[in-house]
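K.L.:
A structural model of the following input is requested.
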Amino acid sequence: MKFYFAQLEKESLIHKDKIDHNAFKKAIKNKIMKTLSIVMILLMITSCNSDDSVDPASLLPPITMTGENTFGCLIDGKFFRPRDGRSTINSDNKGLRVVQTETDNWEIHVFDRKSEKSGSLILHLENLENLELGNYIVSESNGLRGIDGNNNNYIHANFYKNGQYNNYLSFYNSGNVVISKKDYSPNNYHIFSGTFQVKLVNIHNTQDTLNISLGRFDLELGTVQQTSFN
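P.N.:
Take a look at the predicted model:
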């Protein structure tokens, strides 16, 4: 009889130990999960604060006039710059090109070929070869370029907005371009620098606009075609 009660007491103690051990494991597990949850929340808060604290204007290249081969602007407050795409056979993947059209006209073609849902921009300067340094009005774009474009300064863009890519055009007196440096030898430009800002309208909906601000470029035309834009 004593043996039976002793055995019963022993089994009871073992059962209690199991309960205590399981409770301890459960408590530790709960504590770990709570700690991980707190860490994840803190990381999310830190990440959000970090993103919010980045001023897009701080990402722009500095305004220079030394042929640094830079270009940048804010489009609706978002940083935009040229970015090369992946090299493919028979494919033009450059993020920035400078093109002479007709005799005296020049265009800067800018593409973000790396980011998703970004876009492209063309800045056309009419009769650049004969322009003095100074401030020039941005006028109407017909959405075309080169010899098919209008005979005035214009800017147009193809940009992702409202869930799709849209064409946006400049209109009369919608902005300005400042030519701050034009250093060249006869028939051969070397450094071409300036700033710009403009408001563009959707070709199909004039209520839909793009605001381009803090634009700047500093190009050395002898080397820009070989420059990588990442």
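
K.L.:
host element of the closest residue to residue 97 other than its chain neighbours?
P.N.:
The shortest distance from residue 97 to any non-neighbouring residue, by Cβ to Cβ, 6 or more residues apart in numbering, is to residue 109 (4.5 Å). For glycine as for every other residue, the C-beta is placed from the backbone atoms N, C-alpha and C. Assigned by DSSP states H and E, residue 109 belongs to strand 105-111.

K.L.:
Pull up the distance across stretch 142-152, start to finish.
P.N.:
11 Å (Cα to Cα, to the nearest Å).

K.L.:
Equivalent analysis for stretch 147-154, please.
P.N.:
Taking Cα to Cα, the span from the opening residue of stretch 147-154 to its closing residue is 13 Å.

K.L.:
so how far is that stretch off the chain centroid?
P.N.:
Distance of stretch 147-154 from its chain centroid, counting by Cα atoms, centre = their mean, to the nearest Å, is 27 Å.

K.L.:
got it, and stretch 112-126?
P.N.:
The answer for stretch 112-126 is 10 Å, by Cα atoms, centre = their mean.

K.L.:
List the buried residues of that stretch.
P.N.:
112-113, 118-126 (16 or more other Cβ atoms under 10 Å).

K.L.:
start to end distance for it?
P.N.:
OK, stretch 112-126 end separation, Cα to Cα: 24 Å.

K.L.:
Only the C-alpha atoms, please, for stretch 67-87, written as CSV.
P.N.:
Output of stretch 67-87 as CSV, limited to C-alpha atoms (Å, rounded to 0.1, in the frame of the first residue of the first chain):
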residue,chain,number,x,y,z
GLY,A,67,31.4,69.9,-68.1
GLU,A,68,30.6,67.3,-65.5
ASN,A,69,28.1,65.4,-67.7
THR,A,70,25.3,65.7,-65.3
PHE,A,71,21.5,66.1,-65.6
GLY,A,72,18.7,66.1,-63.1
CYS,A,73,15.4,67.6,-62.2
LEU,A,74,12.3,67.0,-60.0
ILE,A,75,9.2,65.8,-61.8
ASP,A,76,6.1,66.4,-59.5
GLY,A,77,8.6,66.5,-56.7
LYS,A,78,10.3,63.2,-57.5
PHE,A,79,13.9,62.9,-58.5
PHE,A,80,14.5,62.2,-62.2
ARG,A,81,17.9,61.5,-63.8
PRO,A,82,19.3,59.6,-66.8
ARG,A,83,20.0,55.9,-66.3
ASP,A,84,21.5,53.6,-68.8
GLY,A,85,19.7,50.3,-69.6
ARG,A,86,21.2,46.9,-70.2
SER,A,87,23.3,46.5,-73.3
